[in-house]
Every structure is written in C-alpha cells, then in structure tokens.
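In: Sequence and predicted structure below; questions after.
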Amino acid sequence: MKPLLIIDAGHGGADSGGGSNHLWKEKDMCLGISRYQFERCKQLGISAALTRYEDETISSGNRAKLVRDSGAQFCLSNHINAGGGDGAEIIHSIHGGKELADIIAVEIKRTGQNVRRTFTRTLPDIQSLDYYFMHRLTGNVRTLIIEYGFADSPLDDVAQLKDNHLQYAEAVIRGFCLFMKHPYEMPKSSVKKEASLLEVLDSERSEIKSFLHLPRHVLRWRVYPPNKQPVKGNEIGFLRPGKFGGLQYQIIDKTLPHVYIIHTRDFGRVQIYAHPNTGATFH
Ligand SMILES: [Zn+2]
C-alpha cells in the first residue's frame, strides 16, 4: 500500500547536519522528531513511511529517490537550522505546498515557538527550478522542508528545541491533519511526559551493545528488510530458533521500540521485532 505521507529525517550517519551544537546532533533530533511523527501517524490512521529508521547515511540522490518511489503524496523533511537566527521556517516548492506550510506554521506558533517565515526559493539562474533538491528531485511528492529552529540561536531556540522539539513535531502532525481534514486526536500521554527522544536514542545506543537471544520454543520468527515497516506481510523470511536450539545475534542498531537490526546468515541485515513478551531475552 502506498503511504500518504513520507517523513524524512534530515541527514544521518556520516552527516550530522549543520543544525548541531554541544547539546545535540541535528541528525539525532531530526530522527527523534521523525520517529515520533511516524508513531503518531500510526495512532491516527495516517499511512506513513520514513526515509530512515536509524542513524544511517543517505546520499541526496538516494533520499530523493526514496521519496519519489514511495508513492506518497506528501513529504515532510525535518531539519534543524543554523546561521544565527531564531524561530521555525517552512520551505515549500515553487510548484505548491504553501497552504499546507501556512497551516503548519500556525500550529507551530500555537506551541509558543516563533515562526520566521514560510517561503520558497529558486535556483539563482533558473527561476523555474526549486533551489533545494528535496523539492527539485522528489517528483510529484509535495515536499515541505521544516526547520524547527536554530541550533545556534542567540535567543531562545536552543532551550526551546531541547525541551519542546516533540511538541513541535506534534504541531506539524496536527497541521497536516487539519490540512487533510483528517480527524485529529491529542496523543494519549502528554508530549511533555514522553521521554525526550534524544534521551531514548542515548539509551537505545547503550542497548545496541548487547545480544539478542531467541528462545528455542519459538519455531519461526519473522524478519523484515531494514527499509520497510516491520509489520506482518513485509517480512523477508523467517528465522528458526526451534530448529537450532535457540539463536543468538548481536544487536547492531535499533529502529523502533522493540525493533532491532541484526545480521543474519540467510537474509543479511534485517529488522526483528523482539518485545520481551515474545520470549526474546537480552544479554
Ligand atoms: Zn538540515
């Protein structure tokens, strides 16, 4: 099924992003925002996809292709700005997206973050082409670049982003629902109460050093390609802990709550769902 929305966490892997400072890396904050929005889309019944689930390097060309090939109608590309300003900015294509950008801007303002502007920009010499590759190379997918604030703001963005980035992430989803006329409900637990995704990422990184054990009483265990949603139907195949008296894998990374990246002999790098109630253990 084609997603309605594809969420792009800017940068990743070798590219930390310019919107970094001593408190965070842009790639991590963008991933936190994006995963949060992805989860919220699931809760709200909006079919969504992510360009990356993990701290992964993606070239500009591949990123644009992921968006183009997703079949989505909309893309939200999440970024943190740098350059000494203060406030959020939303950039839409010269070919459209202004209405959605303006609605999202209003929702961001309602959280208390100031919005500098929504705008569009062309290549200096070619007025018919968008300046940013995420607009120029993403085909028919209506893409917004959202800069949530400035990592090097002389005013209040640094404290605001650190504390409130998930509230801004929520505001964007609310704006998207308003634009789509899709029913919106507030998140069940208040966004403030949700652990900051930056802290979650930190704790996840410490989990990554451990081993995942699949007990032998489970005969088949689904595994999924790293770039697909780890849901039934998307599996690339099955591991067979029962056949081997249990199986053990080093955890390479984590993509979603209870979803890990492991390397398997038969399928290479895969995602696996291993909630403690599945019988999986870690050591
Ligand atoms: Zn960026």
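Out: Thanks, I have it.
In: Flag the shaky bits of this structure, pLDDT-wise.
Out: Applying pLDDT under 70 to the chain flags the ranges 189-209.
In: how does it look with 90?
Out: By pLDDT under 90, the low-scoring segments of the chain are 1, 187-211, 216-219, 226-229, 242, 244-245, 250-258, 265, 275-279, 281-283.
In: Report the beta-bridge partners for the residue in it positioned nearest to the ion.
Out: For the chain, the residue closest to the ion is residue 79, as judged by C-beta to the ion, at 3.4 Å. Using the backbone N, CA and C atoms, a C-beta is placed for each residue, glycine as well. Beta-bridge partners for residue 79, by DSSP bridges, are residue 147.
In: Which elements pack onto the lengthiest helix in the chain?
Out: For the chain, the helix that runs over the most residues, judged by DSSP state H, is helix 157-180. On a contact count with 3 or more C-beta pairs under 8 Å, 6 or more residues apart in numbering; DSSP states H and E, helix 157-180 meets helix 26-44, strand 74-81, helix 98-110, strand 142-150, helix 197-207.
In: buried stuff in it?
Out: Within helix 157-180, the residues that qualify as buried are 157-158, 160-162, 164-177, 179-180, counting by 16 or more other C-beta atoms under 10 Å.
In: swap in stretch 58-72?
Out: 58, 63, 64, 65, 66, 67, 68, 70, 72.
In: next one: stretch 259-270
Out: 259, 260, 261, 262, 267, 270.
In: sec struct for the second one, please.
Out: So that's residue 260. strand (DSSP: H, G, I helix; E, B strand; the rest coil).
In: I figured it hits residue 271, correct?
Out: Yes - Residue 260 is within contact range of residue 271, at 7.0 Å (criterion: C-beta atoms under 8 Å).
In: picking up where we left off before, output the buried residues of stretch 259-270 as a markdown table; include the columns distance to the ion.
Out: Shown next, in a markdown table, are these (distance: C-beta to the ion, whole Å):
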| residue | distance to the ion |
| --- | --- |
| 259 | 25 |
| 260 | 27 |
| 261 | 24 |
| 262 | 30 |
| 267 | 33 |
| 270 | 29 |
